[in-house]
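A.B. asks: just a sequence and a predicted model for now, questions to come.
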Amino acid sequence: MSGFRAPRGTQDILPEEQPLWHYVRKKAEEICCNYGYGRIDTPVFEATGLFTRGVGQETDIVEKEMYTFNDRSGGSFTLRPEGTAPVCRAYIEHGMNSLPQPVRLYYLAPAFRYERPQAGRMRQHHQFGFEVIGDGSALVDAEVIRLAWRFFELLGLSRLSIVLNSIGCRQCRPVYLEKLKSFYEKNTDKLCPDCRVRLEKNPLRLLDCKQDKCQPLAMEAPGSVKHLCPDCLSHFELLEKYLAIAGIDYQISHRLVRGLDYYTRTVFEVLPEDKGSQSTLGGGGRYDGLIQEIGGRPAPAMGFAAGIERIILNLNRQGISVPALPRPDVLLAYTDGETRDEALAVSEGLGSSGIGSVLGREGSSLKSQLRQANNLGMKLAVIIGSDELREGRAVVRDLQKGTQETVSRKDLGLVLTASLNI
RNA sequence: GUGAGUGUGGCCAAGUGGUCUAAGGCGCCAGGUUGUGGCCCUGGAGAUCGAGGGUUCAAAUCCCUUCACUCACCCCA
């Protein structure tokens, strides 16, 4: 094993894995187009401040996971750790608030976080996400959840579930957090060490602690839904109604909180049945304050992002097979320099009529070229030897049936098209 | 950042102090007469046994260090 390897937490996606990747991306684009979303691609790095302000100074992402560097101008930049803030930046930068609202955008892009890799967690991973900006209606919340759900359905994944919660807004959340803190303060002796820190720093996180000793407390702790202000409550009730109409099942969990500071009101996740660690397939929520936070005119928004690596993990676990990618079915074999030149010309000719082909390896015997054809899984081999060259013919060998015929080279395109059912 | 496990040719893998200048399988390459694959047969290429140091007459095999990978915690997609 020689010196260089892919950096820790990154991976090469080899040709044999590409059909899965292609499948997921294609389904994502398909469904987004149907729901009226336009694709957006943003730079792989952004000004660091976009994330420290947008995602939140207190989050793990900003505190310890960002790939930040200075370029030669001295400016500080960061490899995108998540997709929402950049999309919002683009929305503001391009004046999309003067487009008909809401604006619907989706993206397929890599994201980078400095973490210890493990199953389903990479330093470079890939997200499929979509955002609806400029409409605060619960109808939009329902739309994002529907789209997320229908996407997984379209992929063929089954036995997934949606977990839903509302964590309130600037008005009601502080009140709720006080309630939560006072509940936990009465029970500090029953908390794990981590949770004692959380109590001060980020009380919401107390709720999703996985330590056994914290479980009972988290179950009993006051839920945010019971402490929503009237506006947030009616928003949440409307969302439930819309989801019911759409026929989407979900469970409400007051223990669902998400790690990014920008969420308001609705938060949700999509989980597979066999919840291991790092199992969340995707998550999202409403972020009504983000656009303003990063310098835009206030605009409500709602979005979702899924991890493509985790999707593929689950496609594999559920044994879902995906279509193969197109590939040539013909190998052109030859026997010497002159026939090689002719084979090259034939390959070009076939290519221009839409028939892909691969030339046999230079210097290989005919036997060896046919072996190559077999190893490559070719359906047909076309053999041009000196006899064929002289007579204006070619041998078309069917590698599956083991039969062959000699045809005029003028007709080769037609013969191949017929045998390949193109 | 913390904890555990693993590390022998592209892949799987035997070997736990000398017979290892490392078995076997897959894959790859080539041959099995005259221009023809897939099965079979034969041959070939390919490993400083993750790296560095130590113990020993002798180490892939023991000790130390280090790196990487895997899994889990944390957190998230």
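C.D. replies: Received it, and whenever you're ready, just let me know what you need.

A.B. asks: do you know how far the one residue in the stretch 201-350 of chain A that gets nearest to RNA strand B is from A:G284?
C.D. replies: As assessed by Cβ to the nearest atom of the strand, RNA strand B sits closest to A:G259 within the stretch 201-350 of chain A, at 0.7 Å. Just so you know, the C-beta spots here come from the backbone N, C-alpha and C atoms, and that holds for glycine as well. Distance from A:G259 to A:G284, counting by Cβ to Cβ, to the nearest Å: 12 Å.

A.B. asks: same check on A:V322?
C.D. replies: 25 Å.

A.B. asks: neighbour-wise, which of the two wins?
C.D. replies: Comparing A:V322 with A:G284 by other Cβ atoms under 10 Å, the one with more neighbours is A:G284, at 26 against 17.

A.B. asks: where do the helices sit along the stretch 1-150 of chain A?
C.D. replies: Taking DSSP state H, counting those that start in this stretch, the helices of the stretch 1-150 of chain A run over residues A:18-34, A:48-54, A:60-64, A:84-93, A:138-155.

A.B. asks: lowest-confidence stretch among the ones you listed?
C.D. replies: Per-stretch mean pLDDT for those is lowest at helix A:60-64 (a mean of 86).

A.B. asks: now do the buried residues in that one.
C.D. replies: A:D60, A:I61, A:V62 (16 or more other Cβ atoms under 10 Å).

A.B. asks: got it, and stretch A:399-413?
C.D. replies: A:L399, A:V407, A:R409, A:L412, A:G413.

A.B. asks: among those, list the two that are farthest apart in space.
C.D. replies: Using Cβ to Cβ, these span at most 19.7 Å, a distance reached by A:L399 and A:R409.

A.B. asks: show me what contacts A:D336?
C.D. replies: A:S386 (Cβ atoms under 8 Å, 6 or more residues apart in numbering).

A.B. asks: overlap between the buried residues of stretch A:399-413 and the residues near RNA strand B?
C.D. replies: A:L399 (Cβ under 7 Å from any atom of the strand).

A.B. asks: want to throw the buried residues of stretch A:399-413 into JSON lines with pLDDT and secondary structure?
C.D. replies: Putting those into JSON lines (pLDDT from 0 to 100; DSSP: H, G, I helix; E, B strand; the rest coil) gives the following:
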{"residue": "A:L399", "pLDDT": "94", "secondary structure": "coil"}
{"residue": "A:V407", "pLDDT": "96", "secondary structure": "strand"}
{"residue": "A:R409", "pLDDT": "95", "secondary structure": "helix"}
{"residue": "A:L412", "pLDDT": "96", "secondary structure": "helix"}
{"residue": "A:G413", "pLDDT": "95", "secondary structure": "helix"}
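
A.B. asks: between the buried residues of stretch A:399-413, which sits nearest A:D329?
C.D. replies: Nearest to A:D329 among the buried residues of stretch A:399-413 is A:L399, at 9.3 Å by Cβ to Cβ.

A.B. asks: that concludes my questions; thank you for your assistance.
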